[in-house]
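> coordinates for the following, if possible.
(one chain, ligands or ions: 1)
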Amino acid sequence: MKLFSPFRLGTVELKNRIVMAPMTRSRAQGNIPNSLMAEYYDQRASTGLIVTEGTSPSPNGLGYARIPGIFSTEQRDGWRLVTEAVHAGGGRIFIQLMHAGRVGSTLNLPVGAELLAPSAIAMSGAIWTDVKGEQTYDTPRSMTAGDIAAAIEEYARAATLASEAGFDGVEIHGANGYLITQFLDPGSNQRDDDYGGDATRRNCFALDVARAVINAIGASRTGIRLSPYGVFNDMSGTYEGIAGQYTQLAADLGRLGMAYMHMVDHSAMGAPKPDQAVVCTMCKSFRDSGGGSIILSGGYDRERAEADIQDGTADLVAFGRPLIANPDLVERLRTGASLAVPDQATFYTPGKEGYTDYPGLADYRV
Ligand SMILES: Cc1cc2nc3c(=O)[nH]c(=O)nc-3n(C[C@H](O)[C@H](O)[C@H](O)COP(=O)(O)O)c2cc1C
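The predicted structure is shown next:
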């Protein structure tokens, strides 16, 4: 099957076309990566490419409890444990840069950090904090022009630190309602400066971040994740002009020569299905304008992954939840073995339970 064939992504050789989708797992006590995380990623190094959990380029972007950062040398050194383990296992690994923006609680932030967003519009609902349990979302402060420039700089510095930590590349998280999506969406972006208003201006932040990361580490080592029509984290789903906005964005990102564009479809998790015609047009625009590869994700099994790769819709396919409970997913897909089901109760809890203690097939045989 083509799914198991090697692939060249930018300048990086992958041993197969199975990608581990980025998944927040909240095991980074003090926001610093550790040896438990190195063990977890090492267990999954048989995938062609691992994309790490969302990792903040800034103290201001650490909205969730126990998510890792990549803005200090201590965090860089913690991540080195992870990259060394994955490389020793023959794997490749990109770090996902996720600035959470307004998705967070001040109680989860370090001293001196603050919740920032394009506009001062709070999320609905509540978020977990280790200090006081569930809390309603705080209202973010609307970013000044200086805050925006500083945040773009933070992405660039994070990319440099990631490179020093041994990562093969960086995935910019432009999906799922975090800071970059907050700029893209007219519901959360009500600015009237260069970064808000019409679709072209709402795309500016994503493009400026992409340029900054590319300047730091090179286009062939930079990818981006996008979720048009997403509704997670209070995003609007559909709105007037969305097709044109995202098609333009994909073309502009392609022109920067990025290694890949990674598309999210969360309909398998109950979200509305993204407009497939628009997703196809985006992928074509990205490729035609000079962009690299396409990664598709969401609800994949072996057959659908193989079909999308065979017909050229995707170059690579990302698996999320199956990789939580099946560290040896590649082997299971290869042999047609059954898949274990992940325990949602331990998705975000501290410690090794539900994290590094899922057995591989070989463990049953001993
Ligand atoms: C526990 C968990 C954490 C996630 N965290 C992230 C994240 O940090 N960044 C991101 O882009 N997507 C995140 N996702 C979404 C996944 O990358 C993926 O798109 C989703 O699980 C659908 O793929 P699947 O059907 O193969 O699981 C997360 C999903 C899960 C289940």
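
> point out where this structure drops to low pLDDT.
Applying pLDDT under 70 to the chain flags the ranges 364-366.

> can you do 80?
Counting by pLDDT under 80, the chain has low-confidence residues at 363-366.

> residues of it that sit close to the ligand?
Applying C-beta under 6 Å from any ligand atom, we find that the chain lies next to the ligand at 21-24, 53-54, 96, 98, 173, 175-176, 225, 264, 266, 268, 297-300, 319-322, 347. For the C-beta atoms, the positions are set from N, CA and C on the backbone; glycine is no exception.

> and the helices in the stretch 101-250 of the chain, which stretches?
Taking DSSP state H, counting those that start in this stretch as the test, the helices found in the stretch 101-250 of the chain are 145-164, 179-184, 199-202, 204-217, 242-255.

> between helix 204-217 and the first one, find me the angle.
Taking axes from the mean of the first three to the mean of the last three C-alpha atoms, to 10 degrees, one finds helix 145-164 and helix 204-217 inclined to each other by 40 degrees.

> can you show me the CA trace of helix 145-164 as CSV?
Extracted in CSV, the C-alpha atoms of helix 145-164 (Å, rounded to 0.1, in the frame of the first residue of the first chain):
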residue,chain,number,x,y,z
ALA,A,145,-0.2,47.1,17.0
GLY,A,146,2.8,46.6,19.3
ASP,A,147,1.4,43.4,20.8
ILE,A,148,0.9,42.0,17.3
ALA,A,149,4.4,42.8,16.2
ALA,A,150,5.7,41.2,19.5
ALA,A,151,3.6,38.1,18.9
ILE,A,152,5.0,37.7,15.4
GLU,A,153,8.5,38.0,16.8
GLU,A,154,7.7,35.4,19.4
TYR,A,155,6.7,32.9,16.7
ALA,A,156,10.1,33.5,14.9
ARG,A,157,12.1,33.1,18.1
ALA,A,158,10.2,29.9,19.0
ALA,A,159,11.0,28.5,15.5
THR,A,160,14.7,29.2,16.1
LEU,A,161,14.5,27.6,19.6
ALA,A,162,12.7,24.6,18.0
SER,A,163,15.5,24.2,15.5
GLU,A,164,18.1,24.3,18.3
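
> for that helix, buried residues please.
Applying a neighbour-count criterion of 16 or more other C-beta atoms under 10 Å, the buried positions in helix 145-164 are 147-148, 151-152, 154-156, 158-163.

> any of the residues of the chain next to the ligand buried? List them.
21-24, 53-54, 96, 98, 173, 175-176, 225, 264, 266, 297-298, 300, 319-322.

> narrow these to those in helices?
Arg321, Pro322 (DSSP state H).

> residues contacting the closest residue to the ligand within the stretch 51-200 of the chain?
Nearest residue of the stretch 51-200 of the chain to the ligand (C-beta to the nearest ligand atom) works out as Gly54 at 3.3 Å. Residues counted as contacts of Gly54 (C-beta atoms under 8 Å, 6 or more residues apart in numbering) are Pro22, Thr24, Ile67, Gln96, Leu97, Met98, Ala100, His173, Tyr178.

> which one is the residue of the chain found nearest the ligand nearest to, not counting chain neighbours?
Closest contact between the chain and the ligand, by C-beta to the nearest ligand atom, is at Gly320 (2.8 Å). Leaving aside its chain neighbours, Gly320 sits nearest to Ala21 (3.7 Å; criterion: C-beta to C-beta, 6 or more residues apart in numbering).

> quick check, that neighbour in contact with Phe319.
Yes. Between Ala21 and Phe319 there is a contact under C-beta atoms under 8 Å: 6.1 Å.

> what's the overlap in contacts for those two?
With C-beta under 8 Å, 6+ apart as the test, Ala21 and Phe319 both reach Ser297.

> ok, the residue nearest to Arg302 when sequence neighbours are not counted - contacts?
Sequence neighbours aside, Leu333 is the residue nearest to Arg302 in space, at 4.7 Å (criterion: C-beta to C-beta, 6+ apart). Counting by C-beta under 8 Å, 6+ apart, Leu333 touches Leu3, Phe4, Ile18, Arg302.

> please indicate which of those residues are buried?
Buried, going by 16+ other C-beta under 10 Å: Leu3, Ile18, Arg302, out of the contacts of Leu333.

> now render those residues as TSV, adding secondary structure.
Listed next are these as TSV, based on DSSP: H, G, I helix; E, B strand; the rest coil:
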residue	secondary structure
Leu3	helix
Ile18	strand
Arg302	helix
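
> nearest to Arg80 among these?
Comparing the buried ones among the contacts of Leu333 against Arg80 with C-beta to C-beta picks out Ile18 as the nearest, at 24.6 Å.

> so how far is stretch 159-172 off the chain centroid?
Between the centre of stretch 159-172 and the centre of its host chain there is 13 Å, according to C-alpha atoms, centre = their mean, to the nearest Å.

> distance between the ends of that stretch?
Terminal residues of stretch 159-172 lie 10 Å apart, using C-alpha to C-alpha, to the nearest Å.

> again with stretch 19-35
Start-to-end, stretch 19-35 (C-alpha to C-alpha) is 22 Å.

> and it, what's buried?
For stretch 19-35, by 16+ other C-beta under 10 Å, it's 19-28, 31-34.

> thinking again about what came up before, out of the contacts of Gly54, flag the one nearest to Arg141.
Ala100 (14.0 Å).

> list the contacts of the closest one.
Gly54, Ser56, Gly61, Leu62, Gly63, Tyr64, Ile67, Tyr178, Leu179.
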